[in-house]
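Peer 1: Have a look; sequence and predicted model below, questions after that.
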Amino acid sequence: MANKLEIRDLWAEIDGSPILKGVDLVVPQGEVHALMGPNGAGKSTLGRVIAGDPSYQVTEGEVLLDGENILQLKPDERARKGLFLAFQYPLEVPGVTIANFLRLALQQRFGREVPLSEFYNKLQKAIEVLEWDESYVTRYLNEGFSGGEKKRNEVLQLMVLEPKYAILDETDSGLDIDALKVVSKGVNAMRGPEFAALVITHYQRLLNYIVPDVVHVMVDGRVVKTGGKDLALELEERGYDWLKAEVGA
């Protein structure tokens, strides 16, 4: 059986209000999938529930990572198994440099001491792909960063940590076209048989640069349509109202 991230009939709520209402979704390794949908559809909630955000209560269903249900695992345990979430709004962490954070995270990810030479080799390659200045990694994590710099830092983390499965929550939010191209270049550099990504976005423009193998559309807490990359173009042209009408949402 191919390795995959599989969501089965997932229901979740916050403060008693249901947000996910039976999500079914499969992302095999080696593929990049896009998740689109209108505001309030539950896209970001799905990413957070998969990653283990304790704000949400899962009431039914499973999240399987290579066949193992990870819902009982803590967020750091899920990360060690190869799961990565790039936040829509990355947090600032004063007092911790990007370089120190990444080296500690890398050691936790692989469960071993990572020599400085190995770490800096990974870091240099990622910085080069992202066309970033090396001085950034000596700064505190996201402190004083612009929105675009925060997103570039998220992709830097992705490239250094080399997860098996990445959830990218609106990585294009707030980016100008040049920053979008660079961030997309970093994500595309990760593509390969042992990597899968679920790219959450409102807009088709990101998918001009990160071309998905499959597009899923979420409406009112569930996936209502799945298709190829042309589905994103259709959504760009027609909006979401026709789809809401089609599914009776």
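Peer 2: Nice, I can see it. Residues are numbered from 1 along each chain as shown.
Peer 1: what's around Leu46, how many residues?
Peer 2: Neighbours of Leu46 under the rule other CB atoms under 10 Å: 30. C-beta here means a position set from N, CA and C on the backbone, and glycine is covered the same way.
Peer 1: got it, and Pro28?
Peer 2: The number of residues near Pro28, taken as other CB under 10 Å, comes to 16.
Peer 1: Repeat that for Ala2.
Peer 2: 10.
Peer 1: That one contacts Val26, correct?
Peer 2: No - the criterion here is CB atoms under 8 Å, and Ala2 misses it with Val26 at 9.8 Å.
Peer 1: Do a quick rundown of the strands in this structure.
Peer 2: Taking DSSP state E as the criterion, the chain contains strands spanning 4-14, 17-28, 32-36, 57-65, 68-69, 83-86, 93-97, 140-141, 165-169, 196-200, 214-219, 222-227.
Peer 1: I'd like those written out as TSV, with mean pLDDT and distance to Lys125 added.
Peer 2: As requested, the strands of the chain are arranged in TSV below (pLDDT from 0 to 100; distance: least, CB to CB, whole Å):
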stretch	mean pLDDT	distance to Lys125
strand 4-14	96	25
strand 17-28	96	25
strand 32-36	95	20
strand 57-65	96	26
strand 68-69	96	30
strand 83-86	89	17
strand 93-97	84	19
strand 140-141	86	20
strand 165-169	93	17
strand 196-200	95	19
strand 214-219	95	28
strand 222-227	94	34
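Peer 1: Who are the contact partners of the residue nearest to Ala51 when sequence neighbours are not counted?
Peer 2: In space, Ala51 comes closest to Leu85 once its chain neighbours are excluded; the distance is 4.0 Å by CB to CB, 6 or more residues apart in numbering. Residues near Leu85 by CB atoms under 8 Å, 6 or more residues apart in numbering: Gly47, Arg48, Ile50, Ala51, Ala166, Ile167, Asp169.
Peer 1: What are the boundaries of the helices in this protein?
Peer 2: Taking DSSP state H as the criterion, the chain carries its helices at 43-51, 75-80, 98-110, 116-129, 147-161, 177-190, 230-238, 241-247.
Peer 1: so what secondary structure elements neighbour the last one?
Peer 2: Going back to what we said before, that points to helix 241-247. Here helix 241-247 touches strand 214-219, strand 222-227, going by 3 or more CB pairs under 8 Å, 6 or more residues apart in numbering; DSSP states H and E.
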